[in-house]
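Asks: pasting the structure only:
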Ligand code: NAP
């Protein structure tokens, strides 16, 4: 299937590992030029070099730095000649007990997982509308639909972003000009983030990481964790020319783990 986006420009935030990297890879395979970002410059440069091998005709620009800061967002936005696609992503907040979280912990989580994507959306959607094409995908979490107790900072901050997106995605000024904004909700995907969450869960329960991982997979109807490439493929489809009528949605990708009908 040709997704019809070869030659477009995408900014993929937090893209040196995991779901962001897999999303950038799926776009690279479609011939999309990329601006990729992450904090550690060495890993980011390696990822950018690998992305170039997926399609030697594309340009890949690496912008290292913390995407939750205004100056890095400005540099990332300015790196492409124009932005047709924005994939919002950042590290998730740490797990814990809400009784121990300070106002500063909440501000950090809300800045990373709500304000940062909103600022990036604000900076590019009107230009996308003026050009008649734009795709925004926010990587959020299945915790938006089914809260995960220990990830209260994530549940709260991402719910705020979700409410905001539900409103603006439906602005006629954007939707009638072929600009779509959707959220992609990962369940359990086999990434560094998942492995570190499993390690902290194992430490708390006294079980091994392997046993903790097995028990978690047994609760997923698919019987396994997701492969980041499966996530990247759906992200690329949401960014495609074919997906112009899909906007304001929360697309859950979780191997059947969420038990509800809707
Ligand atoms: P990951 O494998 O740990 O990768 C995170 C990526 O984000 C890395 O490239 C990291 O590079 C970059 N990053 C983190 N904080 C950043 C920041 N402030 N600025 C720029 N780059 C940053 O994580 P993942 O599993 O792909 O998760 C991605 C997002 O999906 C997270 O928000 C996570 O909470 C959410 N999620 C994941 C799962 C899952 O099962 N994997 C499930 C639900 C939700 P640097 O460290 O070098 O910056």
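Replies: Received the coordinates, thanks. Since the structure is predicted, the reported quantities are computational estimates derived from the model, not experimental observations.

Asks: from here on, contacts and neighbour counts on C-alpha atoms
Replies: Fine.

Asks: Who are the contact partners of the residue nearest to residue 242 when sequence neighbours are not counted?
Replies: Leaving aside its chain neighbours, residue 242 sits nearest to residue 3 (6.4 Å; criterion: C-alpha to C-alpha, 6 or more residues apart in numbering). Residue 3 sits next to 30, 236, 237, 240, 241, 242 when contact means C-alpha atoms under 8 Å, 6 or more residues apart in numbering.

Asks: In ChimeraX, select just the buried ones from the residues you listed.
Replies: To isolate the buried subset of the contacts of residue 3 in ChimeraX, counting by 16 or more other C-alpha atoms under 10 Å, use the following:
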select :30,236,237,240,241
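
Asks: Return the two entries of the contacts of residue 3 that lie farthest from one another.
Replies: Farthest-apart pair in the contacts of residue 3 is 30 and 242; separation 13.0 Å (C-alpha to C-alpha).

Asks: what touches both of the two?
Replies: Joint contacts of residue 30 and residue 242 (C-alpha under 8 Å, 6+ apart) are 3, 4.

Asks: re the thing from before, rebuild the contacts of residue 3 as CSV, extending it with distance to residue 49 and pLDDT.
Replies: Below are the contacts of residue 3 laid out as CSV (distance: C-alpha to C-alpha, whole Å; pLDDT from 0 to 100):
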residue, distance to residue 49, pLDDT
30, 17, 98
236, 20, 99
237, 23, 98
240, 24, 98
241, 26, 98
242, 29, 98
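
Asks: In space, what's closest to residue 98 - neighbours in sequence excluded?
Replies: Leaving aside its chain neighbours, residue 98 sits nearest to residue 152 (6.8 Å; criterion: C-alpha to C-alpha, 6+ apart).

Asks: How many neighbouring residues does the one you found have?
Replies: 21 (other C-alpha atoms under 10 Å).

Asks: a helix runs through it, doesn't it?
Replies: Yes - counting by DSSP: H, G, I helix; E, B strand; the rest coil, residue 152 is part of a helix.

Asks: and the residue nearest to residue 242, helix, strand or coil?
Replies: Applying three-state DSSP: residue 3 is coil.

Asks: Provide the backbone phi and psi angles at residue 247.
Replies: In terms of degrees, to the nearest 10, the main-chain angles of residue 247 are phi -150, psi 150.

Asks: so who does the nearest residue to it once chain neighbours are set aside touch?
Replies: Of all residues not flanking residue 247 in the chain, residue 180 sits nearest, at 4.9 Å (C-alpha to C-alpha, 6+ apart). Shown in contact with residue 180 (C-alpha under 8 Å, 6+ apart): 134, 135, 136, 169, 174, 244, 245, 246, 247, 248.

Asks: Please give the centre-to-centre distance between the helix or strand hosting residue 24 and its chain.
Replies: Remark: residue 24 resides in helix 18-29, with elements defined by DSSP states H and E. Here helix 18-29 is found 10 Å from its chain centre; the criterion is C-alpha atoms, centre = their mean, to the nearest Å.

Asks: just to revisit the earlier point, okay, the angle between the strand or helix carrying the residue nearest to residue 247 and helix 18-29?
Replies: Counting by DSSP H and E, the element that carries residue 180 is strand 179-186. Inter-element angle recorded for strand 179-186 and helix 18-29: 130 degrees (by axes from the mean of the first three to the mean of the last three C-alpha atoms, to 10 degrees).
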